[in-house]
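Q: the following comprises the amino acid sequence and a computationally predicted model.
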Amino acid sequence: MAASLEAGRRVVVSLRQRRERASLSGRDRRGASPPLLKPAFANLSTSRLLAHFRARVTPGFFEGFDGRSAERAARNDECLSEDAREILAHRWPLLGFGKLEFGTEIDWLRDPISKVRWPLDYHVDVMLMRGDGSDVRVLWELNRLSHLLTLGRAYALSNDERFAEEFFTQVECWQRQNPVGFGANWVCAMEVALRTINVLGAFHLVRSSSALDERRLMIMLALFDEHAHYIRRHLEFSYIATGNHYLSDVAGLLWLGLYLPELAGGQGWREFGLRETLREMEKQVLADGAHYESSTGYHRFVTELFLYSFTLCRANGLEIDKKYWRRLRSMLEYMRACLRTDGRAPLIGDADGSQLMPLVRHAADDHAYVLALGAAIFSEPRFKIASAGKPPELLWILGEQGLRDYDALPADETIQSQAFSDAGTYVLRDHDLHLLFNASGNGMNGRGSHGHNDALAIEVSACDTTFIVDPGSYVYTQDLRERNRFRSTAFHSTVQVDDVEQNTTDEAEPFVLGDQAHPRVLRCEFSDDSDMVAAEHHGYARLPAPVTHCRVVQLDKRKRFWKVIDSLHGEGEHNFRFLFVFAPDIEPVLRADGVVRMRDKISGAELLLALLDRDERPEFVSRWVSRDYGARSATVAAAWSVQARAPLVVRWAIVPVCKNDHGALQLELIEQLRRETGEIRFGVVV
């Protein structure tokens, strides 16, 4: 049924594109069409319309976007004015590439990294994978215009007209270079929506400026009107599956409808946007609170979409049913549970650093600022990460009261092991010990758009130090080979059989994964003394001699160590490769007894990793880890290659050595474990 509906939808889209192509080709590209205003406002003179927008107090925006809160924010963000002055000189940071120079006149169609200029073709004709080193994700980040929020915030606290003037100048420059429907910046409705949200927020902050005159007001209203109509015509909807793109589309319409009731389409955008936003929450957020694209990075982004949108609705008296607030809280619960003891998030699946209305740019693995907002909104101490401090978003989004609510909360970072069975995420932790066991599928109902080949992979932190990590994403279309490597089985801390991927991949299809692994949890038991999870996947069932990988992870809370048991069920002889990827600051050393000793260069904390049942020695192989899009750090992985016949059972011990521990005792524990033999429980060796 869904397939036939989707086929019909695509026919309609194709016909619409044909009409649009003809319409846009004959249109004067030099300027925007006048905004379509409601009759009550269309009949006003532009001078009275300008006076209206300067003075209006409703609809509201976020509580902190007023002058008094902005002044307080300045004291909490001393770098803000300097950042804004850098933007006046056309310098600001972008993703993980650091601060970039954009020239005297910003070229909004030039990739600032590869320097390749994107063509101004009809949007359907723009090829996103060009093979010339360019990356549309980088171009899109520039054209989300989030840096304009910095100008707006700086103007709100200083009344320095240079910041407002630069805002309007850049918007006009952008509009001249990007006629509607032409070029890469109109290919994706999500990008149109995110750009709109950022410009809306900045416009709210500068609307009292003398730089806003009648002409510029009409330019801004025309831009918002065009963007809204464009989103509505180009929704990224599919009857088969929708994801963060479609959610961004409808959230953008909701924001436009809430903030601009003066526009003729405002009420329709608001009603449609709210209805679809809530419907997508029901579709995309699993019952245990995880977003269904199998990516912690996109979970952060989608959580922001809902949290900011719900807060904006509440500021304007638009009630959201309590069941949706409960679902939002469950998303924050999932985010909090995944957080490592160092306050950072494991980057499971894709992580491209996307933020909704980024008042401050945060690295992809920084999720604490979202939790801080959740702590104040839900009065939940467990969401307050004391080591992260108070993020500027608290004051700007929630205002003075939100900041007081946050300050009043006691710090409670007592988090226990948690199981998220719908997501396939299991966190085995106790005090400063944290292991994330990934038994999730490839995401998005098997489509795998942002998932990786990471079934049964682990991340390990101890002694407030991260030792074993997920590699992150690095880049998308800029380098398809690197894109494929970062999502490959060989870049994750799991088991690879005969150099085969867990799910099939195609380097030419960077957002598609096969759906062969189908991880399944066999058992999960948590108690005061120990926690245990057992799971399997079938990604190697397609081998000529099929193999099923089962991994059991146990946390012994009394002796403070994890045991990992890999069972490879099947037949035939295979090359089994067991991989553990280390964090960049970790120095691994292979001891004479075969134990890998990992030492953090900064904290001095150590983690011991030991193969318990066999004599094979590991090799240290080069790997990369990416904390933010476009940035990567060199690291190593320990790889044990075992040529053997299936079935095969291999046991591992992961033992932390914290500051006051006696290392000899941990080594003695490993020798004791080597003398033990496994037993069969729940159909698996433990």
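A: Great, that's in hand.

Q: so how far is A455 from the nearest residue to I231 once chain neighbours are set aside?
A: Closest residue to I231 apart from its sequence neighbours, by C-beta to C-beta, 6 or more residues apart in numbering: A189 at 5.0 Å. (Glycine included, C-beta is placed from N, CA and C.) Separation of A189 from A455 (C-beta to C-beta, to the nearest Å): 32 Å.

Q: between these two, which is the more surrounded one?
A: Looking at A189 and A455 with other C-beta atoms under 10 Å, you find the greater number of neighbours at A455, namely 30 against 24.

Q: wouldn't the more buried one be in contact with A517 here?
A: Yes. A455 is in contact with A517 according to C-beta atoms under 8 Å; the separation is 4.6 Å.

Q: which residues does the closest residue to A541 other than its chain neighbours contact?
A: Using C-beta to C-beta, 6+ apart and skipping the chain neighbours, the partner closest in space to A541 is T548 (6.6 Å). Listed by C-beta atoms under 8 Å, 6 or more residues apart in numbering, the contact set of T548 reads 536-538, 540-541, 568-570.

Q: please redo it, this time with the cut-off set to 6 Å
A: Contacts here follow C-beta atoms under 6 Å, 6 or more residues apart in numbering; on that basis T548 touches 536, 538, 569.

Q: give me the element it is part of.
A: Applying DSSP states H and E as the criterion places T548 in strand 547-556.

Q: repeat that for M331.
A: Using DSSP H and E, M331 falls in helix 322-338.

Q: who touches that helix?
A: Helix 322-338 has contacts (C-beta under 6 Å, 6+ apart) with 278, 281, 285, 289-290, 296, 303, 306, 345, 367, 371, 374, 378, 383, 418, 427.

Q: where along the stretch 451-600 of the chain do the strands fall?
A: 457-462, 465-468, 495-497, 520-526, 530-537, 547-556, 561-570, 573-581, 586-590, 596-600 (DSSP state E, counting those that start in this stretch).

Q: for A439, find the nearest of those strands.
A: strand 530-537 (4.0 Å; C-beta to C-beta).

Q: before we move on, the earlier item: among the contacts of helix 322-338, which are in strands?
A: Under the assignment DSSP state E, the contacts of helix 322-338 contribute 418, 427 to strands.

Q: ok, the contacts of helix 322-338 vs V512, which is closest?
A: T296 (20.2 Å).

Q: now do the strands in the stretch 1-150 of the chain.
A: 91-93, 99-101.

Q: now do the last one: which elements does it pack against?
A: Same thing as strand 99-101. The contact analysis (3 or more C-beta pairs under 6 Å, 6 or more residues apart in numbering; DSSP states H and E) places strand 99-101 against strand 91-93.

Q: list the buried residues for the strand it packs on?
A: Buried residues in strand 91-93, counted by 16 or more other C-beta atoms under 10 Å: W92.

Q: what does stretch 368-381 give?
A: Within stretch 368-381, the residues that count as buried by 16+ other C-beta under 10 Å are 368-378, 380.

Q: which of those lies closest to L221?
A: Distances from L221 to the buried residues of stretch 368-381, taken as C-beta to C-beta, are shortest for L373 (30.1 Å).

Q: and M190, how close does it get to T196?
A: 11 Å.

Q: next: F182.
A: 18 Å.

Q: check V180 too.
A: 13 Å.

Q: between those two, who's got more neighbours?
A: More crowded of V180 and T196, by other C-beta under 10 Å: T196, with 25 against 20.

Q: mind listing what the more buried one touches?
A: The contact partners of T196, by C-beta under 6 Å, 6+ apart, come to 227, 252.

Q: how far out from the middle of the chain is the stretch of helix or strand it belongs to?
A: Assigned by DSSP H and E, T196 belongs to helix 189-206. From the chain centre to the centre of helix 189-206 is a distance of 19 Å (C-alpha atoms, centre = their mean, to the nearest Å).

Q: what about the nearest residue to L371 once chain neighbours are set aside, how many neighbours?
A: Spatial nearest neighbour of L371, chain neighbours left out: F383 (4.3 Å); criterion: C-beta to C-beta, 6+ apart. F383: 26 surrounding residues under other C-beta under 10 Å.

Q: would you confirm that F383 contacts A376?
A: No. Here F383 does not reach A376: they are 8.5 Å apart, not a contact under C-beta atoms under 6 Å.

Q: any chance of JSON lines for the strands of the stretch 1-150 of the chain, columns mean pLDDT?
A: Formatted as JSON lines, the strands of the stretch 1-150 of the chain follow (pLDDT from 0 to 100):
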{"stretch": "strand 91-93", "mean pLDDT": "97"}
{"stretch": "strand 99-101", "mean pLDDT": "97"}
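
Q: quick one: closest of those strands to L312.
A: Of all the strands of the stretch 1-150 of the chain, strand 91-93 sits nearest to L312, with 25.3 Å by C-beta to C-beta.

Q: tell me what the closest one is packed against?
A: strand 99-101.

Q: note down every partner strand of the strand it packs on and its orientation.
A: Taking DSSP bridges as the criterion, strand 99-101 forms sheet pairs with strand 91-93 (antiparallel).

Q: contacts for the strand it pairs with?
A: By C-beta under 6 Å, 6+ apart, strand 91-93 touches 86, 99, 101, 147.

Q: and for stretch 104-124?
A: By C-beta under 6 Å, 6+ apart, the residues outside stretch 104-124 that reach it are 17, 21, 100, 132-134, 138-139, 143, 174, 177, 181-184, 186-187.

Q: can you point out the buried residues in it?
A: Within stretch 104-124, the residues that qualify as buried are 106, 108-113, 118, 120, 122-123, counting by 16+ other C-beta under 10 Å.

Q: filter the residues you listed down to the ones in helices?
A: Judged by DSSP state H, helices contain none of these.

Q: and W562, what does it touch?
A: By C-beta under 6 Å, 6+ apart, W562 lies in contact with 435, 555, 654.

Q: ditto for G257
A: 266, 269-270, 273.

Q: okay, the residues you listed in TSV with pLDDT, distance to I602 and neighbour count next?
A: Formatted as TSV, the contacts of G257 follow (pLDDT from 0 to 100; distance: C-beta to C-beta, whole Å; neighbours: other C-beta atoms under 10 Å):
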residue	pLDDT	distance to I602	neighbour count
G266	97	52	23
W269	98	50	25
R270	98	50	23
G273	98	46	25
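
Q: ok, so of those, who is nearest A631?
A: Distance to A631, by C-beta to C-beta, is smallest for G273 among the contacts of G257, at 34.0 Å.

Q: phi, psi for that closest one please.
A: Main-chain dihedrals, G273, degrees, to the nearest 10: phi -60, psi -40.

Q: distance of it relative to A222?
A: Using C-beta to C-beta, one gets 20 Å for the distance from G273 to A222.

Q: then L194?
A: Following C-beta to C-beta, the distance that separates L194 from A222 is 19 Å.

Q: mean confidence (pLDDT) on the helix ranked longest in the chain, please.
A: Using DSSP H, we find that the single longest helix of the chain is helix 2-25. The average pLDDT within helix 2-25 is 89.

Q: please list the outside residues in contact with that helix.
A: 122, 124, 181, 238-240.
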